[in-house]
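Enquirer: please work out how this folds:
(2 chains)
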Amino acid sequence: MANPFEYNGSAVVGMIGSGCVAIAADRRLGIQGQTIATTFDKIYPMNESLYIGFYGLATDALTVSSRLKYQLNLYQLRENRQIKPKAFMHMTSNLLYSKRFGYYFVEPVIAGLDPVTKDPYIATMDLIGCPMETKDFVVVGTCSEQLYGMCESLWKPDLEPEDLFETISQALMNAVDRDALSGWGAIVHVIEKDKVTTRTLKARMD
Amino acid sequence: MAAPVVMPYADPSAHHVSLGLDQPVSTGTTIMAVEYDGGVIIGADSRTTSGSYIVNRVTDKLTPITDRIFCCRSGSAADTQAIADAVKYNLQLLSIELNEAPLVKTAAHFFRQYCYKYRDNCTAGILCAGWDKRSGGQVYSIPLGGMCIRQPFAIGGSGSTYLYGYCDAHFKTGMNKEESIEFVKNSVALAISRDGSSGGVVRIAVISEDGVERLLFTGKDIPQYNTDM
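Expert: Okay, the predicted model is just below:
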């Protein structure tokens, strides 16, 4: 039986810039070596300025994102306000830990702006919900080592949205080009305080 | 009474994908060889993986054995390199003893000797193809167990599973050089677009009485299929 994290293949990266965040992922859906689709998006918008991407088993990514959206909708109805990214991170962590002994085989990347202060926020966690918040970048994927190398070399603090787009795109593209299970297209969301720019990248389709 | 079950891969600290450099280097691959009216055309992708890490994205899987005989290698990179070196050595010695260029059939049967004898210890899928004076262009397939069979065209490697239908529908005997090159290039491109273990560039070699012509197709020159599926 294959490793559930390597079954479908994925790569997701989040980066902080000056007053903005970016989140990017590949678009491949595979069954081990075989590519099934090249338009399978791993990043789900939770509201206008909060996005979550998943690495790992595709079926669990779909389930966890649905459950999170359901919990988030109820939160917004009860609280009558947009959720803070940090609170959303805790909500995700709690959801994953609730399956402590029968896991969801996913690791999320959360990227968003605080609804009031517009501060940028990124976080990731392991499959049972241990959170990690950073000030620079977060990476998950079948090519996570490659992504770490690319991000460590390319990232600089206080990148403007256009430069952040270039940086995150290059980090993702060059990392997935050294991985047999991810790639086949890429999508990048740059989240600023008044808009979100989504671009699909022309990538190697091998 | 059932005890609480923890699944075998359920240790959270151990689930991570390692870089894979401890796993054997494999040319999970797409290789192909076709007989045409002047000789043979052989083709391959250029990806070598160790687990899921791509260790070489510009590999040359078309290995010369003599100046008119080549082999396409798939399976374990170490096994196929070792066998190809041994066959090359044996053929050189034989051609000195016989004082003539070796036959493709002889090369193929040398491959088979090694692959069959060491079948339990080898993972090697080889296509041996070339031109000789007696029979012209020939393609021999030596798959995993060590059998040897001549075919008008042969495909191999993990990517070849996506090509059986396409090749059966498009192959014709007695194609000319340009048609054969298109056939090989399109086939390898199709496999690259579906198979995770194949990718990079398309390398092609044309082997005929006049010698060996090597071709390389990169980037935009490789046909793109179904980019929006």
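
Enquirer: and the residue of chain B found nearest chain A, helix, strand or coil?
Expert: Minimum separation of chain B from chain A (C-beta to the nearest C-beta) falls at residue B:199, amounting to 3.1 Å. Quick note: C-beta positions are derived from backbone N, CA and C, even for glycine. Put simply, residue B:199 is coil when judged by DSSP: H, G, I helix; E, B strand; the rest coil.

Enquirer: now it: phi and psi?
Expert: Backbone geometry at residue B:199, expressed as degrees, to the nearest 10, gives phi 170, psi -170.

Enquirer: hmm, it is touching residue B:46, no?
Expert: Yes - counting by C-beta atoms under 8 Å, residue B:199 does reach residue B:46; the two are 7.4 Å apart.

Enquirer: OK, contacts around the residue of chain B closest to chain A?
Expert: Applying C-beta atoms under 8 Å, 6 or more residues apart in numbering or on different chains to residue B:199 gives the contacts A:180, A:204, A:206, B:45-47, B:54, B:57, B:192.

Enquirer: any residues in contact with both of residue B:199 and residue B:46?
Expert: By the contact definition C-beta under 8 Å, 6+ apart, residue B:199 and residue B:46 are jointly contacted by residue B:57.

Enquirer: from residue A:36, how far off is the closest residue to residue A:160 other than its chain neighbours?
Expert: Closest residue to residue A:160 apart from its sequence neighbours, by C-beta to C-beta, 6 or more residues apart in numbering or on different chains: residue A:18 at 5.7 Å. Look at residue A:18 and residue A:36: by C-beta to C-beta, to the nearest Å, they are 38 Å apart.

Enquirer: low-confidence ranges, chain A, go.
Expert: A:1 (pLDDT under 70).

Enquirer: and it, which residues reach chain B?
Expert: Contact residues (C-beta under 8 Å from any C-beta of the partner chain) of chain A with chain B: A:1, A:3-6, A:9, A:30, A:32-35, A:37-39, A:101-103, A:105, A:126-128, A:142-146, A:177-181, A:185, A:204-206.

Enquirer: report the beta-bridge partners for the spatially most central residue of chain A.
Expert: By C-alpha atoms, centre = their mean, chain A has its centre lying nearest to residue A:53, at 2.9 Å. Beta bridges link residue A:53 to residue A:43, residue A:109, judged by DSSP bridges.

Enquirer: which residues does it contact?
Expert: Listed by C-beta under 8 Å, 6+ apart, the contact set of residue A:53 reads A:12, A:14, A:23, A:25, A:42-44, A:108-109, A:111, A:140.

Enquirer: closest to chain B out of those?
Expert: Here the nearest of these to chain B, counting by C-beta to the nearest C-beta, is residue A:140; it sits at 10.0 Å.
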